[in-house]
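S.K.: sequence unavailable; structure follows:
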């Protein structure tokens with residue numbers, strides 16, 4: 001494929017339903033480098049013949065749709081795993097906009113995705129734990145002669161990534177960097193020894209809670225400092241008929257609230273498949289499955305308006321690698337829709353982000369209930385619908 005054809009494809013990609021902004025785009029130089037490296041290897045006879053293509057971490061569809069456009073998909077449809085439901089939907093939206101009808105399957109990380117795969121393209125995750133889970137799955141399920149191309153932005157790569165891959169592959173070789181991106185090429189998957197390493201389960205003595213975590217979930221089995229601060233105010237939160245842990249991660253907030261309010265129904269929701277899997281396992285490990293429902297969703301889109309009396313939120317302040325408050329504002333706006341009149345949103349956030357104006361505008365009267373050197377906790381009351 002001519003360079004300008006791939007550039008034209010990339011220029012037409014959007015991020016929707018994820019945050020759209022002038023300083024955010026739906027592809028990066030790593031997508032381009034991974035696709036070019038795969039084409040060069042195939043032309044040089046460096047890929048196993050007949051192997052299927054699997055893609056992991058395709059953020060908005062650039063890798064999947066680029067591979068299809070290049071005719072580099074191999075036999076059968078491209079199989080792709082995206083942890084975020086927004087990424088899954090963006091790929092389908094972009095395919096429709098480009099007139100691509102089929103040609104790919106979206107699957108969970110595991111045997112269905114990787115069985116028989118001769119080539120795997122991976123956008124390297126930031127977390128070494130997530131990379132560990134992915135590398136283990138590839139070595140466990142892919143073809144014995146599989147080639148892994150794992151790419152990332154050089155500034156976000158570390159020698160720890162090489163070490164993780166070397167635990168699961170006999171040969172790992174960094175390739176030349178281009179446009180501030182680099183590919184790690186791995187061959188020779190090592191036979192899996194024992195059961196899969198994830199999810200990890202750990203007893204948190206501080207909380208008296210068993211926490212379960214997939215590799216991709218934020219903070220692993222630990223308690224992040226924002227959630228710890230919000231939990232200090234748990235005794236002051238109202239007893240709700242229906243409470244929501246929005247952006248639930250491992251489900252610590254949902255579990256702690258449910259345990260403190262046994263009469264409440266609790267929904268834990270996150271856009272990440274790994275988080276949802278983790279939160280469901282955390283609820284089960286603590287005997288709370290009858291009280292907690294776990295949903296993978298984008299900004300509570302599956303919940304009806306006015307359905308919740310309380311929402312707990314520790315919003316993100318990154319959109320991918322960029323610092324961007326848009327994701328947090330999107331969740332605050334969603335809370336305004338899902339809260340019943342008089343319902344409350346309790347939010348913890350980095351104080352420098354100044355979410356109070358958005359909380360006042362999108363929810364209603366907002367008071368500061370706590371502050372420490374890093375975080376602010378607010379409680380916002382959903383104003384009644386205007387007549």
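M.R.: Yep, that arrived. Being a predicted model, the structure only gives us computed values, none of them experimental.
S.K.: C-alpha only now, for contacts and for neighbours.
M.R.: OK.
S.K.: contact partners of the top strand by length along the chain?
M.R.: If you go by DSSP state E, the chain has its longest strand at strand 339-350. Residues outside strand 339-350 that contact it (CA atoms under 8 Å, 6 or more residues apart in numbering) are 226-227, 229-230, 305-315, 335, 355, 363, 374-385.
S.K.: could you check how far whichever helix or strand comes after that strand is from the centre of its chain?
M.R.: Using DSSP states H and E, the helix or strand that follows strand 339-350 towards the C-terminus is helix 356-362. Offset of helix 356-362 from its chain centre (CA atoms, centre = their mean, to the nearest Å): 26 Å.
S.K.: tally of neighbours for residue 24?
M.R.: Counted by other CA atoms under 10 Å, the residues lying close to residue 24 total 16.
S.K.: how far away is it from residue 18?
M.R.: 10 Å (CA to CA, to the nearest Å).
S.K.: same question, residue 364
M.R.: 25 Å.
S.K.: and residue 117, by the same measure?
M.R.: 29 Å.
S.K.: the more surrounded of those two?
M.R.: The residue with more neighbours, out of residue 117 and residue 18, is residue 117; 27 against 20, by other CA under 10 Å.
S.K.: make sure the more buried one is actually in contact with residue 52.
M.R.: Yes. When contacts are counted by CA atoms under 8 Å, residue 117 is listed as touching residue 52 (4.5 Å).
S.K.: where exactly do the strands run in the stretch 51-200 of the chain?
M.R.: Here the stretch 51-200 of the chain has its strands, by DSSP state E, counting those that start in this stretch, at 52-56, 78-81, 104-106, 117-123, 147-153, 169-174, 181-189, 200-204.
S.K.: which strands and helices sit next to the last one?
M.R.: Strand 200-204 sits against strand 209-213, with contacts defined as 3 or more CA pairs under 8 Å, 6 or more residues apart in numbering; DSSP states H and E.
S.K.: just say helix, strand or coil for the closest residue to residue 259 other than its chain neighbours.
M.R.: Spatially, and ignoring its direct neighbours in sequence, residue 259 is nearest to residue 288 (7.8 Å; CA to CA, 6 or more residues apart in numbering). Recorded secondary structure, residue 288: coil (DSSP: H, G, I helix; E, B strand; the rest coil).
S.K.: quick one, what contacts residue 288?
M.R.: By CA under 8 Å, 6+ apart, the neighbours of residue 288 are 255, 258, 259.
S.K.: counting only helices, which of those make the cut?
M.R.: Among these, DSSP state H puts 255, 258, 259 in helices.
S.K.: now those residues as TSV including pLDDT and distance to residue 112?
M.R.: Below are these laid out as TSV (pLDDT from 0 to 100; distance: CA to CA, whole Å):
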residue	pLDDT	distance to residue 112
255	98	31
258	98	35
259	98	36
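S.K.: ranking those residues by neighbours, who comes first?
M.R.: That'd be residue 255 among those, by other CA under 10 Å, with 28 neighbours.
S.K.: wait, doesn't that one sit right on residue 283?
M.R.: Yes. At 6.3 Å, residue 255 and residue 283 qualify as touching, with contact defined as CA under 8 Å.
S.K.: joint contacts of the two?
M.R.: Common neighbours of residue 255 and residue 283 (CA under 8 Å, 6+ apart) are residue 292.
S.K.: can you give the domain ranges for the chain?
M.R.: Using automatic domain parsing, the domain ranges for the chain come out as 3-189, 200-381.
S.K.: so which bits of stretch 296-314 are buried?
M.R.: Under the neighbour-count criterion of 16 or more other CA atoms under 10 Å, stretch 296-314 has 296-300, 303, 306-314 buried.
S.K.: which among those residues gets closest to residue 126?
M.R.: Taking CA to CA as the measure, residue 126 sits nearest to residue 314 out of those, at 20.0 Å.
S.K.: nearest residue to the closest one in space, please, no chain neighbours.
M.R.: Excluding its sequence neighbours, the residue lying closest to residue 314 (CA to CA, 6+ apart) is residue 348, at 5.1 Å.
S.K.: what count of nearby residues applies to that neighbour?
M.R.: 24.
S.K.: my read: residue 210 touches residue 223, true?
M.R.: No. Using CA under 8 Å, residue 210 is not in contact with residue 223; the gap is 11.5 Å.
S.K.: contacts only, for the residue nearest to residue 289 when sequence neighbours are not counted.
M.R.: Using CA to CA, 6+ apart and skipping the chain neighbours, the partner closest in space to residue 289 is residue 283 (5.4 Å). The neighbours of residue 283, taking CA under 8 Å, 6+ apart as the test, are 251, 255, 289, 292.
S.K.: now swap in residue 149 and tell me
M.R.: 34, 38, 119, 120, 121, 122, 183, 184, 185, 186.
S.K.: any idea how far residue 141 is from it?
M.R.: As for residue 149, its distance to residue 141 is 16 Å (criterion: CA to CA).
S.K.: try residue 378
M.R.: Taking CA to CA, one finds residue 378 at 46 Å from residue 141.
S.K.: coming back round to it: next, give me the two most distant ones among the contacts of residue 283.
M.R.: By the measure CA to CA, the contacts of residue 283 have their two most distant members at 251 and 289, which lie 11.6 Å apart.
S.K.: for the two, work out which one has more neighbours and name it.
M.R.: Taking neighbours as other CA under 10 Å, residue 251 and residue 289 compare with residue 251 leading, 30 against 16.
S.K.: tell me where the model's unsure across this protein.
M.R.: The model of the chain has pLDDT under 70 over residues 1-3, 317-325, 385-387.
S.K.: that one: helices as residue ranges?
M.R.: Using DSSP H, the helices of the chain run over 3-11, 29-43, 62-70, 85-97, 111-114, 128-141, 159-168, 225-231, 252-260, 273-285, 326-338, 356-362.
S.K.: out of those helices, flag the one nearest residue 175.
M.R.: helix 29-43 (9.4 Å).
S.K.: show me what the closest one is packed against.
M.R.: Checking 3+ CA pairs under 8 Å, 6+ apart, helix 29-43 ends up next to helix 62-70, strand 117-123, strand 147-153, strand 181-189.
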